[in-house]
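**Q** sequence below, structure please.
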Amino acid sequence: MEEKEKTKQEIEKEEKEAAKMRKIAAIAVVGIIVIFFIALFGVKYFYSDKVEYPTVTYNGFEFTEIADTWYTQWQNEEKLVSVSARYNPYEVENVTVLGELNEGFHQSEIYVTFDPYSEQEEFKYLALAAADLSQSIEKAFSKEVIPACTQEHNETCNNVSIVSCKDTDKAVIHIIAKEPTQIVLKGNCIELHGKELELIKSVDKLLYLWYKIITPN
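**A** So this is what the prediction gives:
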């Protein structure tokens, strides 16, 4: 009889121990889950504002790269302007610049023109160059940019001015998606050359020269 009572007591004790262990295990599991979420979201919370972006300094200007675009602050005569480019100055400083401009280029309106009979695969680079150039000129220099074509084309150039470097009474930038990568200054006109994304290097080099971030050779 005593043996049975003892066994019963042992069983009750074992059940209490088992219940205690289950409780400890449950607490441990909950603790692990809590720690996991703290680690997951805590790190994101504490470090989300501390992302380190690539930076370079050129001629006293600090550039930061965010989403494949380089940004810096530039002071024009009136205000501080945030300027952007697809290449930093180190990547474009070796783009060749030839020729000279004359007073005919210094006007309040600039025509950005291209050949509508360019190769089909060149158009996306011409469009990208024209967009980057136009946005930067209007933002930083408060000049009006007018899109143009170098010659008539029914599909591409409807209701668009026909302008080329031969129009000496206008300030003209002619973008050309062909090698070599270079900038050619022709009195009242600037030719920007480059195959594919090399054309954008010519655009960025021209803008850096105008910002006086890169100084002429």
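**Q** roughly how far apart are the residue most central in space within the chain and A85?
**A** Closest residue to the average C-alpha location of the chain: T69 at 2.1 Å, with CA atoms, centre = their mean. According to CB to CB, to the nearest Å, T69 stands 7 Å off from A85. All C-beta spots, glycine's among them, are computed from the backbone N, C-alpha and C.
**Q** again, but for E144
**A** Taken as CB to CB, the span from E144 to A85 is 21 Å.
**Q** same thing with G60?
**A** G60 is 16 Å from A85, by CB to CB.
**Q** and those two? which has more neighbours close in?
**A** Applying other CB atoms under 10 Å to G60 and A85 shows that A85 carries more neighbours, namely 24 against 6.
**Q** that one: what's it in contact with?
**A** Contacts here follow CB atoms under 8 Å, 6 or more residues apart in numbering; on that basis A85 touches T69, W70, D132, S136, D204, L207, Y208.
**Q** in strands only, show me the residues you listed.
**A** The strands, defined by DSSP state E, take in T69, W70 from the contacts of A85.
**Q** what's the first helix or strand after the least confident helix or strand in the chain by mean pLDDT?
**A** The weakest-scoring helix or strand in the chain, judged by mean pLDDT, DSSP states H and E, is helix 43-47 (a mean of 51). Later in the chain than helix 43-47, the nearest helix or strand by DSSP states H and E is strand 55-58.
**Q** what's the average pLDDT for that following strand?
**A** For strand 55-58, mean pLDDT is 98.
**Q** and what of stretch 92-102?
**A** 97.
**Q** could you double-check that the residue nearest to the centre of the chain sits in contact with R86?
**A** Yes - the pair T69 / R86 is scored as a contact, 6.2 Å apart, by CB atoms under 8 Å.
**Q** domain-wise, how is this protein divided?
**A** Annotated domains of the chain cover 2-50, 95-211 [automatic domain parsing].
**Q** which of the ones you listed comes out lowest on mean pLDDT?
**A** Mean pLDDT is lowest for domain 2-50 among the domains of the chain, at a mean of 58.
**Q** next SSE after whichever helix or strand A129 is part of?
**A** A129 belongs to helix 123-141 when assigned by DSSP H and E. Heading C-terminal from helix 123-141, the first helix or strand you meet, by DSSP H and E, is strand 144-149.
**Q** between that following strand and helix 123-141, how many degrees?
**A** Using axes from the mean of the first three to the mean of the last three CA atoms, to 10 degrees, the inter-axis angle of strand 144-149 relative to helix 123-141 is 160 degrees.
**Q** who does the closest residue to H174 other than its chain neighbours bridge with?
**A** Leaving out its chain neighbours, the residue that sits closest to H174 by CB to CB, 6 or more residues apart in numbering is E191, at 4.8 Å. Taking DSSP bridges as the rule, E191 bridges to H174, V184.
**Q** ok, E191 touching S164?
**A** No - E191 is not in contact with S164 according to CB under 8 Å; the separation is 10.4 Å.
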